[in-house]
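Trainee: pasting a predicted model and its sequence here:
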Amino acid sequence: MTTNPKVKTKKKKTLALIAHDGKKAVLVSFVRDHLEDFKNFNLIGTGNTGRLIQSAGLKVIRKLSGPLGGDAQIAAEVATGKCHGVIFFRDPLGMHPHDPDISMLMRICDVHNVPLATNPATAELLIKGLPG
């Protein structure tokens, strides 16, 4: 059996999932509510968030936890074109020791024109609108 070299295999887009501690439950609930949509993506996530998403039944490549450099690792994936969208449920009222990393990730998304959703409303638009 030979394969046709003109037929391209469609690769799944990669989506990053991140949440501050106060928003992790909201993200897990969101993922469970949209499980079929998330199956259309390769998923990466920061350490603890990735572990929680795995418990929802999805495969997630886990990076370091956010404060230990996970946000920076995901920013590198965005900058090199390996990550096509980011869902980051931030806690806008909390103080976070790794705020510089969070700002850097958001800036990298802007620089590379990669969609970034920071709440369930924009996350729903992202998963429905990002071609899989």
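Mentor: Happy to help now that I have it.
Trainee: so where's this structure uncertain?
Mentor: 1-10, 95-96, 98, 132 (pLDDT under 70).
Trainee: 90 instead?
Mentor: 1-11, 56, 66-67, 91-102, 130-132 (pLDDT under 90).
Trainee: name every strand pairing with the longest strand seen in it and say which way it goes.
Mentor: Longest strand in the chain by number of residues (criterion: DSSP state E): strand 13-19. Within its sheet, strand 13-19 is paired with strand 41-45 (parallel), strand 85-89 (parallel), according to DSSP bridges.
Trainee: dump the ones you listed into a markdown table; add distance to residue 23 as well.
Mentor: Quick note: C-beta positions are derived from backbone N, CA and C, even for glycine. Compiled in a markdown table, the strands paired with strand 13-19 are given as follows (distance: least, C-beta to C-beta, whole Å):
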| stretch | distance to residue 23 |
| --- | --- |
| strand 41-45 | 13 |
| strand 85-89 | 4 |
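Trainee: ok, back up a step: residues contacting the longest strand of the chain, please?
Mentor: Strand 13-19 is contacted by residues 26-27, 31, 38, 40-46, 49-50, 53, 60, 66, 70-71, 74, 77-78, 82-90, 126-127, 130-132 when judged by C-beta atoms under 8 Å, 6 or more residues apart in numbering.
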